[in-house]
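Student: Sequence first, then the predicted structure, then my questions.
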Amino acid sequence: MPAGQEDKARAFYGEALGLSEVTKPEHLAKRGGAWFRSASAEIHLGIDPDFRPAKKAHPALLVDDLQGLADRCTAAGYDVTSDQPLPGYERLYVTDPFGNRIELLRPAVQRARSGRPQAGEYADYAQKDLEFVKGDDAIEALESSRDETLDLFRTASGPPYAPGKWTIREILGHLIDDERVFAYRLFCLSRKEPRGLPGFDEKTYAAASGAEQRSMESLLGEYQAVRASTIAFLASLTPEQWLRRGVVNGYKASVRGLAFHIASHELHHLRIVRERYV
Ligand code: NI
């Protein structure tokens, strides 16, 4: 990098790419430049008085959320481009503030789509709510409802609309509880559990959860972790596993039916929050 532009380096490598800055050893710090690292990669930007950007030779960083990172870079004004596909990977290039080329890539996901569940693959009582879930893939539905939930709960406020109704935080806590239970159920079905699985009383669980005593930030963090876990598991399923069936809470269900149920239940609560709380 050229001299005296460490702030630009921090804006790109720190803020846009999300790397952490590493404090340089004292004897090297006076030379300027900046070092950054993630859990598994480290990039050292040294000062070159005769600087010319590296447009061809470049570091390649393996990332989890390629599109999210690309969106963030574009929003911050960095140039994001694509190139020839690389078998087995999705990849993009971004140009740092000094004109250096950086490659971002992630392994292409080979996963089976769930297809849309039919009646008989989920509880009868969920039928109406399920109509609000679009498409024919449970993972896409869960990614979409997750984004809506994060948008809404990051700014939602307002007291319960009637005595005895849940608060905003209790509703989010309830979504987390419900997903844990349903993800466990669909996991069991995918593993051919022969026994029926028990129901649970959501009101008792919510009252016992202590969600109201927690911060929204803590609840949102847990919510994201639970959803990421659910999606990671679903992404492992084969077409045949998606269709496996069993009995939960006294009704017959399939793996994909329960996955859709998580999304439909979530959208149901989002509608109530929009209508009655915010
Ligand atoms: Ni509910």
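Tutor: Yep, it's here.
Student: residue closest to the middle of the chain?
Tutor: Residue closest to the mean C-alpha point of the chain, counted by C-alpha atoms, centre = their mean, is residue 228 at 5.4 Å.
Student: Correct me if wrong, but that residue is in a helix.
Tutor: Yes: assigned with DSSP: H, G, I helix; E, B strand; the rest coil, residue 228 falls within a helix.
Student: and it, what pLDDT?
Tutor: pLDDT recorded at residue 228 is 95.
Student: Name the nearest residue to residue 211, ignoring sequence neighbours.
Tutor: residue 173 (2.8 Å; C-beta to C-beta, 6 or more residues apart in numbering). All C-beta spots, glycine's among them, are computed from the backbone N, C-alpha and C.
Student: and the one you found, how many neighbours does it have?
Tutor: Residues lying near residue 173 (other C-beta atoms under 10 Å) number 22.
Student: Equivalent analysis for residue 120, please.
Tutor: Residue 120, neighbours per other C-beta under 10 Å, totals 12.
Student: OK, contacts around it?
Tutor: By C-beta atoms under 8 Å, 6 or more residues apart in numbering, the residues touching residue 120 are residue 252.
Student: That one sits in which helix or strand?
Tutor: Per DSSP states H and E, residue 120 falls between elements, in no helix or strand.
Student: where exactly do the helices run in the chain?
Tutor: 6-9, 26-29, 66-75, 127-130, 138-155, 168-190, 202-209, 216-234, 239-242, 255-276 (DSSP state H).
Student: what's the closest of the ones you listed to residue 18?
Tutor: Set against residue 18 and scored by C-beta to C-beta, the helices of the chain come closest in helix 66-75, at 7.4 Å.
Student: Can you spell out which helices and strands pack onto the closest one?
Tutor: strand 80-81, strand 89-95, strand 101-107 (3 or more C-beta pairs under 8 Å, 6 or more residues apart in numbering; DSSP states H and E).
Student: can I have the worst-scoring helix or strand of the chain on mean pLDDT written out in PDB, keeping just the CAs?
Tutor: When each helix and strand of the chain is scored by mean pLDDT, DSSP states H and E, helix 26-29 comes last, with a mean of 88. Once non-C-alpha atoms are left out, helix 26-29 reads as follows in PDB (Å, rounded to 0.1, in the frame of the first residue of the first chain):
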ATOM      1  CA  GLU A  26       6.700  -2.000  18.000                       C
ATOM      2  CA  HIS A  27       9.900  -2.100  15.800                       C
ATOM      3  CA  LEU A  28       7.700  -2.600  12.700                       C
ATOM      4  CA  ALA A  29       4.900  -0.200  13.700                       C
END
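Student: outside of that helix, which residues touch it?
Tutor: For helix 26-29, the surrounding residues in contact (C-beta under 8 Å, 6+ apart) are residue 23.
Student: how far away is the residue nearest to residue 211 from residue 5?
Tutor: Relative to residue 5, residue 173 is positioned 46 Å away (C-beta to C-beta, to the nearest Å).
Student: Flag every buried residue along stretch 86-96.
Tutor: For stretch 86-96, a neighbour-count test (16 or more other C-beta atoms under 10 Å) marks 90-96 as buried.
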